[in-house]
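**Q** Have a look at this prediction, sequence included:
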Amino acid sequence: MTVITLALELTMIKNVDAQGIEISVDVEGVSVDVAQQAFKSALPANMTPIYYDDSNVSSAQLQCPIGYFCPANSTVSQPCPSGKFQSFLGKTQLSDCQPCPIGSFCPTSALSGAQSCTPGFMCPEQNMINATICPVGTYQANPSQGSCTPCSVGHKCNTTGMTSMIQCGIGKYQPLQQQTTCIACPAGQICTSTNTQNPGFCTLGDWADPSLGGDEQGDCRSCPAGQVCPLGTTSPINCSAGTYKPGVGGFSLENCTACPSGQYCEEKTINPVDCPAGTYRNVPGGRSVSDCVPCPAGKYCIPATSTPANCPAGRFNSATKGKTNTDCLDCPPGEYCGEATVIPTKCSAGTFNPSAFASTVDACAQCTAGKYCGVGTSSPISCPAGTFLSAQGGSVLENCISCSLGTFDSDTAGRSSDCAICPGDSYCTSPLKKFACPSNTASVIGSNSQLSCRCIAGFVCSYTKKIKASFTLNVTLDAWNSDLGGVRTKFKEAIAKAAGVDVSKVIITNTAVHGAGRRLLGIYQEGIDISATVDDAHNLSDIRQHFKHEGILQSHSWHEAHSIHARFVHKIPPSNPKPLM
């Protein structure tokens with residue numbers, strides 16, 4: 001019996017790797033050639049006998065199979081190791097095994113061909129036994145690749161073995177390659193599409209509301225009035241105090257306008273606020289109502305005033321914070337007011353103005369004769385009865401001249417000429433005092449003393465000459481009675497000197513407390529009233545010149561108190577009347 005060992009190669013279809021098997025078959029009664037031919041015809045189409053080994057027939061040798069190599073004198077074929085493959089028959093040495101190329105791997109021995117790297121893997125070197133999975137941050141979409149592709153910007157590769165990238169979704173972005181995550185769109189920016197590499201910005205004058213996520217253009221909001229929105233802002237910025245912005249949009253504080261004069265703008269102002277009535281602001285940039293200053297005196301300020309308005313001529317305003325022209329008061333009579341007057345100007349002494357609303361000094365007319373006009377006079381003051389003033393422009397009472405001696409007018413004030421001559425048979429001791437001559441006496445016109453009254457024919461006159469005087473002194477009654485400091489003695493001496501008589505002619509007739517007194521060194525003192533007569537005297541006009549004792553004399557008055565007595569004397573001819581002198 002002949003024993004033949006066959007090496008068979010199973011040729012698989014559809015790129016399935018071939019596999020070799022060995023079988024032993026006992027053949028009897030046939031030659032080797034016949035057995036060999038019989039086997040070839042009997043085997044399936046996908047099996048091919050590679051060699052025949054007949055230990056009893058030395059001439060039966062076959063080629064070394066695919067995936068193997070057979071050195072000289074080999075009795076058994078050697079498989080190519082893992083990492084290599086061999087695609088041809090009859091190879092004789094290890095070097096005939098081809099290295100598994102880049103992009104492929106050879107996981108087992110005796111391979112007739114390399115296996116391609118699948119997507120998601122890479123085979124970066126020759127002789128690779130196993131494919132390497134793509135790490136995070138990379139992917140591989142194609143087979144037979146020697147490397148993994150870095151994940152592109154706008155994408156992420158967050159697991160190993162990825163065959164495609166994951167796009168960054170709307171609202172996210174990724175500016176770098178080979179990243180495992182996408183970044184949320186920053187506040188103030190927008191990411192409105194997939195695969196975003198860099199976030200975008202809202203249009204100038206808009207802002208991105210961070211609460212909306214920034215995933216669509218609609219997340220951009222117009223910048224509100226009173227605020228501005230720089231590029232990329234997450235929150236509108238208020239216009240600073242002193243500026244305003246009435247409309248939407250605006251990307252810089254330069255878009256905020258300076259607050260106008262007459263108004264103020266607090267922070268975030270949309271429309272300027274008027275300075276209130278009674279205040280004004282003459283420069284732009286007011287920040288608060290405190291920047292509106294009080295309207296000055298002489299002017300008035302309506303709301304939103306930048307330049308105060310003057311009170312018109314003929315009116316004035318002494319107070320600040322005038323709100324309307326009604327705060328400008330009518331200029332009073334006796335004064336005049338130009339435009340923007342704070343305090344009316346009084347008509348000067350010697351002039352007067354009877355009307356209100358006077359606007360210039362021309363309204364002040366010269367004071368009329370017989371009257372005098374002090375400063376600010378609206379109605380001239382008449383010179384008192386017994387005085388006159390012939391010229392215009394009198395300014396004080398002292399301008400009124402006492403009527404001449406021997407004249408009289410007791411009730412006519414405001415005279416512009418001298419009083420009337422004292423009539424005959426009377427005498428006028430002053431312009432206000434007229435006396436009839438005593439019985440049986442007569443006088444000529446213009447007489448000013450009782451002594452001017454003369455006895456008529458047939459009478460003889462006798463008379464006494466006397467002055468009656470009243471005084472008010474700034475001393476106490478006790479000081480007077482005790483003659484403290486010689487006040488009483490000195491006063492009587494002064495009266496005597498003024499009257500030109502001996503002090504014995506001065507007789508004090510009455511002393512009483514006056515009560516008005518005065519203040520000396522801050523202490524109130526009562527005064528006294530004194531009545532006195534002075535014999536053989538007819539004038540006390542110079543009493544103040546003779547009594548200067550510390551201003552004690554407060555006031556005084558006097559008058560003649562002569563008395564004439566005419567008695568009948570038949571021996572005196574009627575044609576020669578004489579006063580008894």
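**A** Received, thanks. As the structure is a computational prediction, the values presented were derived from the model and not from experiment. Residues are numbered from 1 along each chain as shown.
**Q** And the helix or strand that contains K492, what does it pack against?
**A** Element membership for K492 (DSSP states H and E) is helix 487-499. Under the contact definition 3 or more C-beta pairs under 8 Å, 6 or more residues apart in numbering; DSSP states H and E, helix 487-499 sits against strand 466-473, helix 477-481, strand 506-513, strand 528-535, helix 543-546. (Glycine included, C-beta is placed from N, CA and C.)
**Q** Please produce CSV containing these, extended by distance to F201 and mean pLDDT.
**A** Output for those, formatted as CSV (distance: least, C-beta to C-beta, whole Å; pLDDT from 0 to 100):
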stretch, distance to F201, mean pLDDT
strand 466-473, 100, 81
helix 477-481, 104, 87
strand 506-513, 102, 87
strand 528-535, 103, 84
helix 543-546, 101, 67
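**Q** Ok, which of these comes nearest P175?
**A** Evaluated over those, closeness to P175 peaks at strand 466-473, with 111.3 Å, by C-beta to C-beta.
**Q** who does that closest one pair up with?
**A** Paired neighbours of strand 466-473 in the sheet (DSSP bridges): strand 528-535 (antiparallel), strand 553-560 (antiparallel).
**Q** quick one, which of those is packed in tightest?
**A** strand 528-535 (a mean of 19; mean count of other C-beta atoms under 10 Å).
**Q** Quick one: the strands in the stretch 1-150 of the chain, in order.
**A** In the stretch 1-150 of the chain, the strands defined using DSSP state E, counting those that start in this stretch lie at 2-10, 19-27, 47-53, 68-69, 78-79, 84-85, 98-99, 104-105, 115-116, 121-122, 132-133, 138-139, 149-150.
**Q** how distant is the fourth one from the center of its chain?
**A** From the chain centre to the centre of strand 68-69 is a distance of 100 Å (C-alpha atoms, centre = their mean, to the nearest Å).
**Q** ditto for stretch 398-417
**A** 69 Å.
**Q** swap in stretch 70-79?
**A** Distance, centroid of stretch 70-79 to centroid of chain: 106 Å (C-alpha atoms, centre = their mean).
**Q** So which bits of that stretch are buried?
**A** Within stretch 70-79, the residues that count as buried by 16 or more other C-beta atoms under 10 Å are 70, 77-79.
**Q** Kindly reformat those residues as TSV containing distance to C64 and pLDDT.
**A** Output for these, formatted as TSV (distance: C-beta to C-beta, whole Å; pLDDT from 0 to 100):
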residue	distance to C64	pLDDT
C70	3	93
S77	5	90
Q78	9	93
P79	11	95
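**Q** hang on, the earlier thing: comparing the strands of the stretch 1-150 of the chain by mean pLDDT, which bottoms out?
**A** Per-stretch mean pLDDT for those is lowest at strand 2-10 (a mean of 43).
**Q** how does the chain divide into domains?
**A** For the chain, the domain assignment from automatic domain parsing gives the residue ranges 2-99, 466-561.
**Q** Adding distance to C403, write the helices and strands packed on helix 487-499 out as JSON lines.
**A** Output for these, formatted as JSON lines (distance: least, C-beta to C-beta, whole Å):
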{"stretch": "strand 466-473", "distance to C403": "21"}
{"stretch": "helix 477-481", "distance to C403": "36"}
{"stretch": "strand 506-513", "distance to C403": "30"}
{"stretch": "strand 528-535", "distance to C403": "25"}
{"stretch": "helix 543-546", "distance to C403": "22"}
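**Q** hang on, P284 in a helix?
**A** No - remark: P284 does not belong to a helix; assigned using DSSP: H, G, I helix; E, B strand; the rest coil, it is coil.
**Q** Next, give phi and psi for it.
**A** The phi/psi pair for P284 (degrees, to the nearest 10) reads phi -70, psi 170.
**Q** Any idea what the closest residue in space to it that isn't next to it in sequence is bridged to?
**A** Leaving out its chain neighbours, the residue that sits closest to P284 by C-beta to C-beta, 6 or more residues apart in numbering is A258, at 4.5 Å. Beta-bridge pairing for A258 (DSSP bridges): T243.
**Q** contacting residues for A258?
**A** Going by C-beta atoms under 8 Å, 6 or more residues apart in numbering, A258 touches 242-243, 284-285.
**Q** Low-confidence ranges, the stretch 51-200 of the chain, go.
**A** 51-61 (pLDDT under 70).
**Q** Can you show me the helices along it?
**A** Taking DSSP state H, counting those that start in this stretch to define them, one finds no helices in the stretch 51-200 of the chain.
**Q** if I look at Y173, how far off is C220?
**A** Separation of Y173 from C220 (C-beta to C-beta, to the nearest Å): 16 Å.
**Q** Which one's more surrounded, these two?
**A** Between Y173 and C220, counted using other C-beta atoms under 10 Å, the more crowded position is Y173 (26 against 22).
**Q** ok, and what's touching stretch 403-421?
**A** By C-beta under 8 Å, 6+ apart, the list of residues contacting stretch 403-421 reads 369-371, 382-390, 422-423, 428, 431-434, 445-448.
**Q** residue contacts, G394?
**A** G394 makes contacts with 350, 367, 369, 371-373, 383, 400, as judged by C-beta under 8 Å, 6+ apart.
**Q** ok, T305 - how many residues close by?
**A** 25.
**Q** Apart from its chain neighbours, what residue comes closest to it?
**A** Y280 (4.0 Å).
**Q** Just read off the phi/psi values of the one you found.
**A** Main-chain torsions, Y280, degrees, to the nearest 10: phi -150, psi 170.
**Q** In contact with it, which residues?
**A** Y280 neighbours (C-beta under 8 Å, 6+ apart): 262, 292-293, 295, 301, 305-308.
**Q** what comes up buried for the helix holding K492?
**A** Buried residues in helix 487-499, counted by 16+ other C-beta under 10 Å: 487-488, 490-492, 494-496, 498-499.
**Q** From these, pick the one nearest S555.
**A** Taking C-beta to C-beta as the measure, S555 lies nearest F491 of the buried residues of helix 487-499, at 13.7 Å.
**Q** could you measure the closest one against S482, distance?
**A** Using C-beta to C-beta, F491 is found at 14 Å from S482.
**Q** Could you report the neighbour count for S152?
**A** 18.
**Q** typed the wrong thing, it's S404
**A** Neighbourhood size, S404 [other C-beta under 10 Å]: 15.
**Q** mind checking pLDDT for it?
**A** For S404, pLDDT reads 89.
**Q** low-scoring pLDDT stretches of the stretch 351-500 of the chain, where are they?
**A** Under the criterion pLDDT under 70, the flagged ranges of the stretch 351-500 of the chain are 463.
**Q** Specify the beta-bridge partners of K172.
**A** When assigned by DSSP bridges, K172 has beta-bridge partners A184.
**Q** Does S290 fall in a helix, a strand, or a coil region?
**A** Put simply, S290 is helix when judged by three-state DSSP.
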